[in-house]
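S.K.: When you get a sec, could you give me coordinates for this:
(one chain, ligands or ions: 1)
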Amino acid sequence: MHPTDFTLRGALDALGEGIVSSEELTKAHLDAIRALNPRLNAYVTVTEEAALAAARASDDRRRNGVAGPLEGIPLAIKDLFCTAGTRTTAGSKILDSFVPPYESTVTANLLRDGAVFLGKVNLDEFAMGSSNTTSAYGPVENPWSRANDPDARLVPGGSSGGSAAAVAARLALGATATDTGGSIRQPAAFCGIAGIKPTYGRCSRFGIVAFASSLDQAGPVARTVEDCAILLQSMSGYDPKDSTSAEVPVPDFQAACARGVKGLRIGVPKEYRLDGMAPEIEALWQQGLQWLREAGAETVEITLPHTKYALPTYYIVAPAEASSNLARYDGVRFGLRVAEKDSDLRDLYERTRAAGFGAEVRRRIMIGTYVLSAGYYDAYYLKAQKVRALIRRDFEEAWAKVDAIVTPATPSAAFGMDEKQDDPVTMYLNDVFTVTANLAGLPGLAVPAGLDGQGLPLGLQVIGRAFDEETVFAVGNVLEDSAGFTALPRVRAGA
Ligand code: GLN
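M.R.: The predicted model follows:
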């Protein structure tokens, strides 16, 4: 077996039994990155020497009988998490030279537990996008391809496209990601892997470059549901450095995976049945519900009546918060500075921001400042906040009847790099099934569940009550077991 083929759980067992060392695992992944990254462009920065040193230190700790829960596991880190001493770009030119002096809480938690960081992975600029085509460091290629057109280059989804592509192609055993409107679940689904956005507040946002603070959450992507549970366990927890981080106990997520679904009531929201959705996705959804019934759950049709307003609401709230968060990139304190000899302060701001931000980020800033401006605030931003409350209430009413909700993860499989690029609204439609969980702050898990007619992966989504990731993992695990998803991407290490 090629060392990059281990699941994270399998690698932990093999490390524990002395079958493989962290140094061997890390080297195998670095070799794979060297071979495949020129094509996939998943990694923006590879920290080869630091990774090898960390792996050797980890092997020493294990020999001395002190092994953390992630001891020796090579991971990829989305380049939105600040890593002390390692460049953190957020996929933007404006942070091209930014080397954070501190570590994000989530990555610090992973390091505390023994993980080894291979490097920083690509993303849409400031996590704005659904295709990883807005990165200043070039697009990421999906390691999967269409059976009838293997040369067409497909997107990995976004914004965590580098995280998902790296894990699918076996360039890491798992990765950190973030999800503001779907950026963990959609790329996971496009790349045939699992990914969970936990409840808002479950993971600290300290040290994660902010996009939309009331929606942003960190979470893991990995090749199995159980691997996601192991990673989330380490990433989670209260952090006094993030005032929105929740002071609640972190349960045993891995144990929850094996709970089963006997007696659970699974909600099926009728509003998620979209006109024109691929029949394969509808069929997979029905299949998933059948699997859950066979495992002892009951499925119940529910209604989430404000779903149709979720996308317009998200695309007001997220840009509004983004325009405010991005005001800090002014050429004075962080990264890029562009000025002429006679530039005054305003000219410095304008030149820096015009040169540093890409088109999508500028679009979001303009939408955001527009919906927040005097005269439009009530009509757009305030209205969106009210609708957000109604969307949240839809879910609260649903939880009286069901324990979890199952939907498709995305309305399509991965698309071509040149598709959906002309009209931003077409791109925004990707998020139709995922943004609701962010607006309501709920956990959502994507599980690979089948293939479309072209051999591309399709995912199902499990949404749960706030802070009930355990049920989400239990349902996801049954879907994963029943689907028996074993298909592999064409581009991968060890192939
Ligand atoms: N695709 C969505 C957007 O562009 C969500 C991105 C995200 O979750 N970071 O805003």
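
S.K.: How about the contacts made by the residue nearest to the spatial centre of the chain?
M.R.: Residue closest to the mean C-alpha point of the chain, counted by Cα atoms, centre = their mean, is I184 at 2.0 Å. For I184, the contact set (Cβ atoms under 8 Å, 6 or more residues apart in numbering) comprises 160, 177-178, 195-197, 219-221, 446. Yep, even glycine has a C-beta here, placed from its N, CA and C like the rest.

S.K.: Please apply the same query to A152.
M.R.: By Cβ under 8 Å, 6+ apart, the contact list for A152 reads 145-146, 416.

S.K.: Which one (most neighbours) among these?
M.R.: S145 (20 neighbours; other Cβ atoms under 10 Å).

S.K.: In this structure that residue contacts R492, no?
M.R.: No - counting by Cβ atoms under 8 Å, R492 is not a contact partner of S145; they are 11.6 Å apart.

S.K.: ok so, going back, greatest separation within the contacts of I184: which pair is it?
M.R.: Maximum pairwise distance among these (Cβ to Cβ): 14.1 Å, between T178 and A446.

S.K.: neighbour count winner among the two?
M.R.: Per other Cβ under 10 Å, whichever of T178 and A446 has more neighbours is A446, with 35 against 27.

S.K.: I'd like to check which residues are in contact with the closest residue to the more buried one other than its chain neighbours.
M.R.: Nearest non-adjacent residue to A446, counting by Cβ to Cβ, 6 or more residues apart in numbering: R185, 3.8 Å away. R185 makes contact with 179, 195-197, 409-410, 434, 444-446, 459, 461, according to Cβ under 8 Å, 6+ apart.

S.K.: Tell me the confidence at R185?
M.R.: pLDDT, R185: 98.

S.K.: And the residue of the stretch 351-495 of the chain that's closest to the ligand?
M.R.: Nearest residue of the stretch 351-495 of the chain to the ligand, counting by Cβ to the nearest ligand atom: D431, 4.8 Å away.

S.K.: Count the residues that sit near that residue.
M.R.: 24.

S.K.: Tell me which of the contacts of A152 fall in strands.
M.R.: Of these, none are assigned to strands by DSSP state E.

S.K.: Save those as TSV, and put in distance to the ligand and pLDDT too.
M.R.: Converted to TSV, the contacts of A152 look like this (distance: Cβ to the nearest ligand atom, whole Å; pLDDT from 0 to 100):
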residue	distance to the ligand	pLDDT
S145	23	97
R146	22	97
G416	17	96
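
S.K.: Turn those residues into CSV, columns for distance to V268.
M.R.: Formatted as CSV, the contacts of A152 follow (distance: Cβ to Cβ, whole Å):
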residue, distance to V268
S145, 32
R146, 30
G416, 31
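
S.K.: Closest to G276 out of the residues you listed?
M.R.: Using Cβ to Cβ, G416 is the member of these that sits closest to G276, with 18.6 Å.

S.K.: any idea how far the closest residue to the closest one other than its chain neighbours is from S145?
M.R.: Spatial nearest neighbour of G416, excluding adjacent residues (Cβ to Cβ, 6+ apart): A152 at 5.3 Å. Separation of A152 from S145 (Cβ to Cβ, to the nearest Å): 7 Å.

S.K.: low-confidence ranges in this protein?
M.R.: In the prediction, the chain carries no residues with pLDDT under 70.

S.K.: again, only using 90
M.R.: Along the chain, segments meeting pLDDT under 90 span 1, 274-278, 333-335, 420-430, 494-495.

S.K.: which parts of it sit against the ligand?
M.R.: 127-130, 159, 179-183, 211, 318, 431 (Cβ under 6 Å from any ligand atom).

S.K.: mind listing the helices for the stretch 101-250 of the chain?
M.R.: Secondary structure of the stretch 101-250 of the chain (DSSP state H, counting those that start in this stretch): helices at 105-112, 161-168, 185-190, 225-235.

S.K.: For the first one, report the contacting residues that lie outside it.
M.R.: This means helix 105-112. 68, 70, 75, 77, 81-83, 103, 117, 176, 203-204, 206-208, 218, 231, 234-237, 239, 241-242.

S.K.: for the longest one, same thing?
M.R.: Residues lying outside helix 225-235 but in contact with it, judged by Cβ under 8 Å, 6+ apart, are 7-9, 12, 69-70, 75, 106, 109-110, 112-113, 115, 173-174, 176, 194-196, 198, 202-203, 218-222, 250, 252-254, 256-257, 445, 447, 469, 473, 476-477, 480.
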